[in-house]
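Colleague: turn this into a model:
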Amino acid sequence: MDHALPDGAVHQGFAARARALPSESVNGVIDPTHGALLVLDQITDPHNVGAILRSAAAFGIRAVVMQDRKAPPLFGTVCKSAVGAAERVPHVSVTNIADTLLEFRKAGRHVLGLAGEAELDLATAIAAPDGKGWGPGLVLVMGSEDKGLRQRVAECCDELVRIPMTGAVESLNVSNAAAIALYEAAKWRPVRDETPSA
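Modeller: Presented below is the predicted three-dimensional model:
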């Protein structure tokens, strides 16, 4: 079995052949009343993507949107790192992140991109001008591990926001930043509870 599996594969004498998880369509998640979305702009580390999927499940995200290239496939390391959450949170695979954000905005969603250089802080932006929050129509966009949001992706957001931090560290790991953003967003909207019924 060791020869049949990839190098470093962990097993206990059992292996199964499986396909990557199927993707939902953009049209299936575009309605702003159907729940908040998380968009990953070229996040390539499968451990980070798995951890983000776990946070997305914990905080009731409707779906995670990823590019169909420059993103790890949803099996193997991603699913192992997600510890079951990859099967609980739908994902949407798109060709162009920026164009997809414009579609979301046209449909009535509000898009916040996280960027360390932004002046507006995350909590203020999520609370919205009326202090009641953006609700289920919110879209949060996380940039890649090394470069953050690409320029055109940033330009297609309604606002760029930052997580306030001390100067002790330059930045957070993207999976940690996503967990903070999702927690903050969950304060202002109903969280989808998918706990299996007994």
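
Colleague: show me where the chain has its strands.
Modeller: 37-40, 63-67, 91-94, 110-114, 120-121, 138-142, 159-162 (DSSP state E).

Colleague: minimum distance to residue 74: which of those has it?
Modeller: strand 91-94 (6.3 Å; C-beta to C-beta). Bear in mind the C-beta positions are built from the backbone N, C-alpha and C, glycine included.

Colleague: and that closest one, what does it pack against?
Modeller: Helices and strands touching strand 91-94, by 3 or more C-beta pairs under 8 Å, 6 or more residues apart in numbering; DSSP states H and E, are strand 63-67.

Colleague: show me the helices in this protein, by range?
Modeller: 46-58, 77-82, 97-106, 122-127, 151-155, 174-186 (DSSP state H).

Colleague: same for the third one, what does it pack against?
Modeller: Packing contacts for helix 97-106, counted by 3+ C-beta pairs under 8 Å, 6+ apart, involve strand 37-40, strand 63-67, strand 110-114, strand 138-142, helix 151-155.

Colleague: reformat the ones you listed as TSV; add mean pLDDT and distance to residue 123.
Modeller: Shown next, in TSV, are the helices and strands packed on helix 97-106 (pLDDT from 0 to 100; distance: least, C-beta to C-beta, whole Å):
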stretch	mean pLDDT	distance to residue 123
strand 37-40	96	17
strand 63-67	93	22
strand 110-114	95	11
strand 138-142	95	13
helix 151-155	96	20
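
Colleague: now these in a markdown table, with mean neighbour count and distance to residue 6?
Modeller: Formatted as a markdown table, the helices and strands packed on helix 97-106 follow (neighbours: other C-beta atoms under 10 Å; distance: least, C-beta to C-beta, whole Å):
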| stretch | mean neighbour count | distance to residue 6 |
| --- | --- | --- |
| strand 37-40 | 26 | 24 |
| strand 63-67 | 23 | 22 |
| strand 110-114 | 24 | 33 |
| strand 138-142 | 26 | 28 |
| helix 151-155 | 16 | 32 |
